[in-house]
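Novice: build me a structure from this.
(chains A, B, C and D)
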There are 2 protein chains.
Amino acid sequence: MPDRFLRHSIKTVSERTGLSPHLIRAWERRYETILPERTDGNQRLYCDEDIERLALLKRATESGHPIRTVARLPIEELRGLAPQLPDGDQSVIGAQPLQAGSSGPRSARTGPELVESALRAITSMDASALESVLEEAVLSLGQVAVLSHVIGPLVQRVGDGWQAGTLKVGHEHLASAVIRTFLANAARPFAVHASAPMLVATTPSGQVHEIGAALVSAAAANKGWRITYLGPSLPAEEIASAAHQSHARAVALSLVHPADDPQLPEELRRIQRLLPDSTTLIVGGAAVDSYEKTLQQIGAKVCRSLNDFSAVLDGLRQGSN
Amino acid sequence: MPDRFLRHSIKTVSERTGLSPHLIRAWERRYETILPERTDGNQRLYCDEDIERLALLKRATESGHPIRTVARLPIEELRGLAPQLPDGDQSVIGAQPLQAGSSGPRSARTGPELVESALRAITSMDASALESVLEEAVLSLGQVAVLSHVIGPLVQRVGDGWQAGTLKVGHEHLASAVIRTFLANAARPFAVHASAPMLVATTPSGQVHEIGAALVSAAAANKGWRITYLGPSLPAEEIASAAHQSHARAVALSLVHPADDPQLPEELRRIQRLLPDSTTLIVGGAAVDSYEKTLQQIGAKVCRSLNDFSAVLDGLRQGSN
DNA sequence: GCCAACTTGTCAATGTTTTGTTTAGGTCTT
DNA sequence: AAGACCTAAACAAAACATTGACAAGTTGGC
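Specialist: Now for the predicted structure:
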């Protein structure tokens, strides 16, 4: 839960952002990056927004922007900057040792390591450990890379483990609940312009797995879209009606399981038919190949990776902005 | 149940919280953390809430918050103090001010007013407006009261509207997604003692509505329980296995719909049979009356309100703490 | 190519603030 | 009268703040 009243010491900020206290102070001194409140005794007190700002600045500098050019940007612009991250090597750069202090032994871990940690948390039914891993992953890799390098593979592994019987249904449910909440938080729109394009994310009737739709929501939100997230298994009429009501520029569907639903092709056709012409239908997920012919017929944009999806979003945005 | 009238000496408080008497006095002197009553002879007398407050403060400082930043927070804030996601929290802050519309000194609204606002947000398919209303509700009523005065009635109204046809499935899905995330965040405990009792929350096979279980999770988390939240529709074996693995002191089930599942009584019996003796089965939700006989037979604790539920938790906690 | 000027992360020196603990001497309860 | 409690003052360790400096890297002009 957010807290408008709570203030943090510079140490906390350092741990949360991965920036050394020295550096935080240097940025303040040289660029007035942020001017935190002070205690009576002149010690700095940061609010939650300050922490986000510093985290964004860290990512911006890691992706090549010199600090002086971004230090004074308003927070919205910084958030817009973040998606431009090349999601290759921040992990290496992020591995800056913090001060020798005992509290921050965080040497940044790579995607696969984080996925393994997450799986261990899941098998031991430890929800808060799983949350911690995901949180760590955001700090290490950045908001965007986490989606494709940790969440994506993790969902895949959990699904595999479930089908192979190495994970029980309970483990899968626990993981789903935590990941879903994580993604929902990541997808929360930050003060966007009312002019930002709207994406409706859901899955069609019969498709019960919602994580794909949630993942896509988070990715789109990070690219500056507004999101209407509707959860899983919605009939064609409902999807179309929601798209109308929210003036959606695009509808994103996730198809995962089952991959052989005889009803689904007709349902997809109906969705496309009911959708306004100005609304683009985007479809992704592990099962898209099974319905490829239908998708081609109705002219839906098919995505086979989050990168595909990002590209499609960019295209739509350019198309009419 | 904590006794409203009993008063405790500083020594008792010290033993219960693990804080030294000296430190308790130092906090009082420096920050007016709490100002206990006094005897005629000027010795301190603490009530149960003071003890909870001090325990929460201890946890907060242990998890890294300097005492000066948390000492004056109201108790709801302290209970709601969660390890904040590096991204989720600030976005709420960013989204908060714009929705509130009138910029004037917002006078706190009552539960029913907030419910109506929330319903308007839902019918207009505006997820972020709904989030704002819930956020406002927390500030107006406090973390705990929100659950019974806003979320509960709201869920009821949405369910009614859905059955009456005034709300479409899409509206219901949207509301569920937002409320579920809100509750999941509310249920995030912070730096919990490993000794805190564990609650497993879920719904049995066939029961597809998970909001009740999420609601219960949030309520229990606010009373200091650790939570393992497993989402909806879990088979008896899985529930029992999760209870075992997490050493749960209680399992909470929510029954809402359907209210006439012929399989469910047997499923409930199996759950009770497979559960460790040390684990209590608690059942609540709109459909408990339909399964009352079975529930009575197996000796489950039946709750018809959140208050009931809180009382049951308190009883369990005392039982072995 | 090369040098000067600038950028940027890190450190060291030195003093202050915060915070949990301790000491000292008096008061209250039983 | 013993044990628990009170206030006030003092301590010491950890955490912070400020200033000034340095080294590695980059930029720009010649």
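
Novice: neighbours of the closest residue to DNA strand C within the stretch 151-300 of chain A, just the number please.
Specialist: Going by CB to the nearest atom of the strand, DNA strand C is nearest to A:N222 of the stretch 151-300 of chain A, at 23.1 Å. Placement of C-beta: from N, CA and C, glycine included. Using other CB atoms under 10 Å in any protein chain shown, A:N222 has 23 neighbouring residues.

Novice: right, and it touches A:G142 too?
Specialist: No - under the criterion of CB atoms under 8 Å, A:N222 makes no contact with A:G142, lying 9.7 Å away.

Novice: hang on, the earlier thing: can you pull the phi/psi pair for the residue of the stretch 151-300 of chain A closest to DNA strand C?
Specialist: phi -70, psi -20 (degrees, to the nearest 10).

Novice: for chain A, which residues are neighbours of DNA strand C?
Specialist: By the rule CB under 7 Å from any atom of the strand, the part of chain A lying against DNA strand C is A:20, A:22-23, A:26-27, A:30, A:39-43, A:61, A:66-69, A:96, A:99.

Novice: go again using 10 Å as the cut-off
Specialist: A:9, A:19-27, A:29-31, A:33, A:38-43, A:45, A:57-58, A:60-62, A:65-71, A:96-100 (CB under 10 Å from any atom of the strand).

Novice: among those residues, which ones are buried?
Specialist: Restricting those to buried positions leaves A:9, A:19-21, A:23-24, A:27, A:33, A:45, A:57-58, A:60-62, A:65, A:67, A:70-71, A:98, with burial counted as 16 or more other CB atoms under 10 Å in any protein chain shown.

Novice: just the ones of the residues you listed in strands?
Specialist: Judged by DSSP state E, strands contain the following of those: A:L45.

Novice: what subset of the buried ones among the residues of chain A next to DNA strand C is also close to chain B?
Specialist: Restricting these to those adjacent to chain B (criterion: CB under 8 Å from any CB of the partner chain) gives A:S9, A:L45.

Novice: from the buried ones among the residues of chain A next to DNA strand C, which land in helices?
Specialist: Counted as lying in helices by DSSP state H, out of those, are A:P21, A:L23, A:I24, A:W27, A:L57, A:K58, A:A60, A:T61, A:E62, A:I67, A:V70.

Novice: once you drop chain neighbours, what's closest to the fifth one?
Specialist: Right, A:L57. A:V70 (6.2 Å; CB to CB, 6 or more residues apart in numbering or on different chains).

Novice: contacting residues for that neighbour?
Specialist: By CB atoms under 8 Å, 6 or more residues apart in numbering or on different chains, the contact set of A:V70 is A:L57, A:A60, A:T61, A:L78, A:L81.

Novice: and of those residues, the nearest to chain B?
Specialist: Nearest to chain B among the contacts of A:V70 is A:L78, at 11.5 Å by CB to the nearest CB.

Novice: you'd agree that closest one is up against A:R53?
Specialist: Yes - shown here, A:L78 and A:R53 form a contact pair, counting by CB under 8 Å, at 6.7 Å.

Novice: of the buried ones among the residues of chain A next to DNA strand C, list those near DNA strand D.
Specialist: Restricting these to those near DNA strand D - CB under 10 Å from any atom of the strand - leaves A:S9, A:P21, A:I24, A:L45.

Novice: and the third one, how far is that from A:L130?
Specialist: To tie it back to what came earlier, the one meant is A:I24. Look at A:I24 and A:L130: by CB to CB, to the nearest Å, they are 29 Å apart.

Novice: check the last one too.
Specialist: Per CB to CB, A:L45 is found 31 Å from A:L130.

Novice: nearest to DNA strand C: which residue in the stretch 1-150 of chain A?
Specialist: Of all residues in the stretch 1-150 of chain A, A:G41 sits closest to DNA strand C, at 1.9 Å by CB to the nearest atom of the strand.

Novice: ok so that residue is a strand residue?
Specialist: No - with DSSP: H, G, I helix; E, B strand; the rest coil as the criterion, A:G41 is assigned coil and is not in a strand.

Novice: confidence score at it?
Specialist: On pLDDT, A:G41 comes in at 93.

Novice: would you mind measuring from it to A:S9?
Specialist: In terms of CB to CB, A:G41 sits 12 Å off from A:S9.

Novice: near chain B, which residues of the stretch 201-321 of chain A?
Specialist: Within the stretch 201-321 of chain A, the positions near chain B by CB under 8 Å from any CB are A:202, A:226-231, A:234-235, A:238-239, A:241-242, A:245-246.

Novice: quick one: low-confidence parts of the stretch 51-200 of chain A?
Specialist: Applying pLDDT under 70 to the stretch 51-200 of chain A flags residues A:80-108, A:189-195.

Novice: how about the strands in it?
Specialist: A:198-202 (DSSP state E, counting those that start in this stretch).

Novice: which residues in it form helices?
Specialist: Ranges of helices within the stretch 51-200 of chain A are A:67-70, A:75-81, A:90-93, A:111-123, A:127-141, A:143-146, A:152-164, A:169-186, based on DSSP state H, counting those that start in this stretch.

Novice: of those, which is nearest A:V302?
Specialist: With CB to CB, the closest approach to A:V302 among the helices of the stretch 51-200 of chain A belongs to helix A:152-164: 17.0 Å.

Novice: now for the closest one, which elements pack on it?
Specialist: Counting by 3 or more CB pairs under 8 Å, 6 or more residues apart in numbering or on different chains; DSSP states H and E, the packing neighbours recorded for helix A:152-164 are helix A:111-123, helix A:169-186, helix A:211-222.

Novice: tell me the centre residue of chain A?
Specialist: Central residue of chain A (CA atoms, centre = their mean): A:A218, 3.7 Å from the mean position.

Novice: can you pull the contacts of that residue?
Specialist: A:L147, A:L183, A:A184, A:A186, A:A187.

Novice: what strands line up against the helix or strand hosting A:T228, and which way round?
Specialist: Using DSSP states H and E, A:T228 maps to strand A:226-229. Using DSSP bridges, strand A:226-229 pairs in its sheet with strand A:198-202 (parallel).

Novice: the strand it pairs with relative to helix A:211-222, how many degrees between them?
Specialist: Angle, strand A:198-202 to helix A:211-222, by axes from the mean of the first three to the mean of the last three CA atoms, to 10 degrees: 170 degrees.

Novice: can you check what angle separates strand A:198-202 from helix B:169-186?
Specialist: Put simply, strand A:198-202 runs at 90 degrees to helix B:169-186, going by the same axes, to 10 degrees.

Novice: next, the buried residues of strand A:198-202.
Specialist: Neighbour counts over strand A:198-202 (16+ other CB under 10 Å) mark A:M198, A:L199, A:V200, A:A201, A:T202 as buried.

Novice: from these, which is closest to B:S305?
Specialist: A:T202 (33.1 Å).

Novice: who does the closest one bridge with?
Specialist: A:L253.

Novice: which residues does stretch A:205-213 contact?
Specialist: A:155, A:176, A:179-180, A:183, A:201-203, A:229-236, A:252-258, A:261, A:263-264, A:267, A:284-286.

Novice: number of nearby residues for A:R304?
Specialist: 12.

Novice: revised request: answer the last question for A:A213.
Specialist: 28.

Novice: likewise A:L215?
Specialist: Number of residues near A:L215 (other CB under 10 Å) recorded here: 27.

Novice: can you check A:Q156 too?
Specialist: Close neighbours of A:Q156, defined as other CB under 10 Å, add up to 12.

Novice: tell me the contacts of it?
Specialist: Per CB under 8 Å, 6+ apart, neighbours of A:Q156: none.
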